[in-house]
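Participant: What shape does this take:
(one chain, ligands or ions: 2)
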Amino acid sequence: MRPSMIRSVQSALRRASSSRHLLSRAYSANACPERKVAVLGAAGGIGQPLALLMKLNPLVSHLSLYDIAGTPGVAADVSHVNTRSEVKGYMGEDQLGAALEGSDVVVIPAGVPRKPGMTRDDLFNINAGIVKTLCTAIAKYCPNALVNMISNPVNSTVPIAAEVFKKAGTYDEKKLFGVTTLDVVRAKTFYAGKAKVPVSEVDVPVVGGHAGITILPLFSQAKPLGSNLSEDDIKALTKRTQDGGTEVVEAKAGKGSATLSMAYAGSIFADACLKGLNGVPDVVECSFVQSTVTDLPFFASKVRLGKNGVEEILGLGSLSDFEKEGLEKLKPELKASIEKGIKFAHGN
Ligand SMILES: NC(=O)C1=CN([C@@H]2O[C@H](COP(=O)(O)OP(=O)(O)OC[C@H]3O[C@@H](n4cnc5c(N)ncnc54)[C@H](O)[C@@H]3O)[C@@H](O)[C@H]2O)C=CC1
Ligand SMILES: O=C([O-])CC(=O)C(=O)O
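Facilitator: Residues are numbered from 1 along each chain as shown. Ligands and ions are numbered 1, 2, ... in the order given. Now for the predicted structure:
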């Protein structure tokens, strides 16, 4: 290697090590408030990689891992990672209260996943009961926590959670979120590939709900502009985003649904919630929340996160004719899924 090349490699290494130092100082335990994050369903396909990603998050001081089975092993494993948070595992319903107590954010990936040929709604019968039990405990042990609902069908489990909290007298619509971040992650990835733009720079809002046609990516608002996309390109990107979950379910051929990409998406959303709680300005993510953006009581759109959860629900912006049509088409299905959740919560 020539001396000039050696010098430039040495200076690059010096820069990297000093920025690592700055990063660790910026995120040192002293600089960040204590924050407890609980993951319910932590031993599952999503739960395990999500537990790892939350362990890597310097905003977390206490990581609580709950499941009905398998959490001691997951907690022991993750706890050896040399990052800020203290990890504790909890197993079985008699430990649920301790798992939840003092939580700032509760992430729920508990419940059964799809197999090929199933819709998310086919999971309702099992997952509705699981979500109801967990939310009843949240109302009792950490009523002020921000709840990130991952369990499907999200279009129904979020309304179930809202009704459980209302019944317990703890409902705060600013603190309940259906996690739709994976739809955004997919829309960004697929758009970047087609428009030939750097994926790290892409922004695409995804609105509506989290199942099939209720997932409505707004590619007319995608940034940055890249290669000119035809109407057919946009239709194909929309369909692929709507069917992204099914694409994974089929590829896994009976071994579950998206877990790794979902853990990534769940960690992005939980991180946004923590930043909002910590007062970081202008934290915006799409989420399925109680909303007046349309005539439906719950709807996913861009949401600004703050110290109390939802700070502002942003409107839809201007839509293309194709997106306007998609919006009208999704409403009856989304309405029925919301009503199904509310009815379940009242009847059980
Ligand atoms: N919102 C989204 O974008 C996505 C949602 N999902 C949903 O997430 C859920 C979990 O998926 P996977 O992790 O793949 O399933 P999995 O079966 O691998 O893991 C689920 C975990 O939940 C646990 N569990 C069951 N009942 C419980 C209870 N009462 N309390 C606590 N834990 C309980 C199980 O023991 C298991 O460890 C599914 O409903 C799936 O459809 C999956 C991907 C994306
Ligand atoms: O498709 C599923 O069943 C899991 C899910 O919600 C997704 O991957 O978007």
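Participant: got the buried residues for the longest helix along the chain?
Facilitator: Longest helix of the chain, by residue count under DSSP state H: helix 321-347. Neighbour counts over helix 321-347 (16 or more other CB atoms under 10 Å) mark 323, 326-327, 330-331, 333-335, 337-338, 340-342, 344-345 as buried. Quick note: C-beta positions are derived from backbone N, CA and C, even for glycine.
Participant: State the helix or strand in which residue 301 lies.
Facilitator: Take DSSP states H and E as the rule and residue 301 turns out to sit in strand 298-306.
Participant: Residue 247: how many residues sit nearby?
Facilitator: Neighbours of residue 247 under the rule other CB atoms under 10 Å: 12.
Participant: Mind giving me the packing neighbours of whatever helix or strand it lives in?
Facilitator: Per DSSP H and E, residue 247 falls inside helix 244-252. In terms of contacts (3 or more CB pairs under 8 Å, 6 or more residues apart in numbering; DSSP states H and E), helix 244-252 is packed against helix 181-195.
Participant: Report the buried residues of the helix it packs on.
Facilitator: 181-192, 194-195.
Participant: Go through those residues and say which is closest to ligand 1.
Facilitator: Nearest to ligand 1, judged by CB to the nearest ligand atom, of the buried residues of helix 181-195 is residue 182 at 4.0 Å.
Participant: Need the buried residues of helix 181-195 in CSV (columns: pLDDT and distance to ligand 1).
Facilitator: Below are these laid out as CSV (pLDDT from 0 to 100; distance: CB to the nearest ligand atom, whole Å):
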residue, pLDDT, distance to ligand 1
181, 99, 7
182, 98, 4
183, 98, 7
184, 98, 10
185, 98, 9
186, 98, 10
187, 98, 13
188, 98, 14
189, 98, 14
190, 98, 15
191, 98, 18
192, 97, 20
194, 96, 22
195, 97, 24
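Participant: Near ligand 1, which residues of the stretch 101-250 of the chain are found?
Facilitator: 109-114, 123, 127, 130, 133-134, 150-152, 154, 179, 182, 210 (CB under 6 Å from any ligand atom).
Participant: now these: which count as buried?
Facilitator: So, by 16+ other CB under 10 Å, the buried ones in those are 109-114, 123, 127, 130, 134, 150-152, 154, 179, 182, 210.
Participant: out of the residues you listed, which touch ligand 2?
Facilitator: Applying CB under 6 Å from any ligand atom to those, one finds that 113, 114, 152, 182 fall near ligand 2.
Participant: Please identify which of these is nearest to residue 214.
Facilitator: Nearest to residue 214 among these: residue 152, at 12.1 Å, using CB to CB.
Participant: So that closest one: helix, strand or coil?
Facilitator: coil (DSSP: H, G, I helix; E, B strand; the rest coil).
Participant: List the residues that contact the residue lying closest to it once chain neighbours are set aside.
Facilitator: Counting by CB to CB, 6 or more residues apart in numbering, residue 152 lies nearest to residue 120, which is 4.3 Å off, once chain neighbours are set aside. Counting by CB atoms under 8 Å, 6 or more residues apart in numbering, residue 120 touches 114, 152, 153, 154, 155, 210, 211, 212, 245.
Participant: Please apply the same query to residue 259.
Facilitator: Residue 259 neighbours (CB under 8 Å, 6+ apart): 44, 45, 46, 49, 113.
Participant: if we can go back for a sec, summarise which helices and strands the longest helix of the chain is packed against.
Facilitator: Packed next to helix 321-347, using 3+ CB pairs under 8 Å, 6+ apart, are helix 124-141, helix 154-168, strand 206-208, strand 215-217, helix 231-242, strand 298-306.
Participant: Quick check: the residue of the stretch 51-200 of the chain nearest ligand 2.
Facilitator: For the stretch 51-200 of the chain, CB to the nearest ligand atom, closest residue to ligand 2: residue 114, 3.7 Å.
Participant: Show the backbone phi and psi for residue 34.
Facilitator: When quoted as degrees, to the nearest 10, the phi and psi of residue 34 stand at phi -70, psi 130.
Participant: Would you mind listing where the stretch 201-348 of the chain has pLDDT under the threshold?
Facilitator: Residue ranges of the stretch 201-348 of the chain with pLDDT under 70: none are present.
Participant: burial measure for residue 96, as a count.
Facilitator: Per other CB under 10 Å, the neighbour tally for residue 96 reads 22.
Participant: these two touch, right, residue 113 and residue 45?
Facilitator: Yes - with contacts counted by CB atoms under 8 Å, residue 113 reaches residue 45, the gap being 6.7 Å.
Participant: what's the overlap in contacts for those two?
Facilitator: Contacts common to residue 113 and residue 45, judged by CB under 8 Å, 6+ apart, are 256, 257, 259.
Participant: between the longest helix of the chain and helix 154-168, how big is the angle?
Facilitator: Counting by axes from the mean of the first three to the mean of the last three CA atoms, to 10 degrees, helix 321-347 lies at 40 degrees to helix 154-168.
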